[in-house]
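**Q** The following block contains a protein sequence and its predicted model.
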Amino acid sequence: MSHGKQFTLYSHDRGPNGWKVAFALEELGLTYETIYLNFQEGEHKKPEFTKFNPNGRIPALIDHKNNDFVIWESNAILLYLVDKYDTEKRITVPDGDEKFQLLQWLFFQASGQGPYFGQAAWFALFHPERIESATDRYKKEIIRVLGVLETVLSKQEWLVGGKLTIADLSFITWNNFAFNVILQGYESFNLQKDFPSVAAWHNKLLATPSVKKTLDVREALISKK
């Protein structure tokens, strides 16, 4: 089977994690086709997809120019893309101490931001029963994570390397969802007032051409439903 584009990305139109892979693909000028799985029909759990990702989660990426190599877990995909295709270090850093700082932020995003923000979304929006203690716990965890980011970004423009990297890109979509949905009306949450450095960083990321282009695609997909 021939492929006109180098990559196939399995994603979801609303799910945050697939879009950060698209940010990196756009930044690196790599060609890709996205297949958006229908979660309501359980496509992410069907054998047609789990043969690529046994965890039954998006995203998964197939590199057709590397013998149809398959990789899943969004931050692992980001590392694969920059290690293999970012020869100019546009959105990564050289090997050495900064590389470990890059990994540090990707681990923090995957273990701190993603799970806590995801649980906040679940209990605030999708859980069949209203459990105030769980909702409050995870919203407070969002505030804590934002506080960690604020502490660092109040002293520097980007997370690592003095430039935009995959570390920064990895945080965009969950932050966007938190600011615009999860934390709306929560204890008078005010991003600009409470976390001004995070707000400036986030707005700068949203204005990045590759990010703006990708999020415009997302909005167009959602608006059609």
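**A** Perfect, thanks for sending it.

**Q** What distance do you get for residue 31 to residue 108?
**A** 31 Å (C-beta to C-beta, to the nearest Å). Bear in mind the C-beta positions are built from the backbone N, C-alpha and C, glycine included.

**Q** hang on, I meant residue 26
**A** Between residue 26 and residue 108 the computed distance is 24 Å (C-beta to C-beta).

**Q** what does residue 213 give?
**A** Distance from residue 213 to residue 108, counting by C-beta to C-beta: 27 Å.

**Q** of the two, who's got more company?
**A** When residue 213 and residue 108 are compared for neighbours, residue 108 comes out ahead with 18 against 12, by other C-beta atoms under 10 Å.

**Q** and the nearest residue to that one once chain neighbours are set aside, how many neighbours does it have?
**A** Leaving aside its sequence neighbours, residue 108 sits nearest to residue 148 (C-beta to C-beta, 6 or more residues apart in numbering; 7.5 Å). Counted with other C-beta under 10 Å, the neighbours of residue 148 add up to 13.

**Q** Distance from the strand or helix carrying residue 148 to the middle of the chain?
**A** Assigned by DSSP states H and E, residue 148 belongs to helix 132-153. Relative to its chain's centre, helix 132-153 lies at 17 Å (C-alpha atoms, centre = their mean, to the nearest Å).

**Q** packing partners for that helix?
**A** helix 114-121, helix 196-206 (3 or more C-beta pairs under 8 Å, 6 or more residues apart in numbering; DSSP states H and E).
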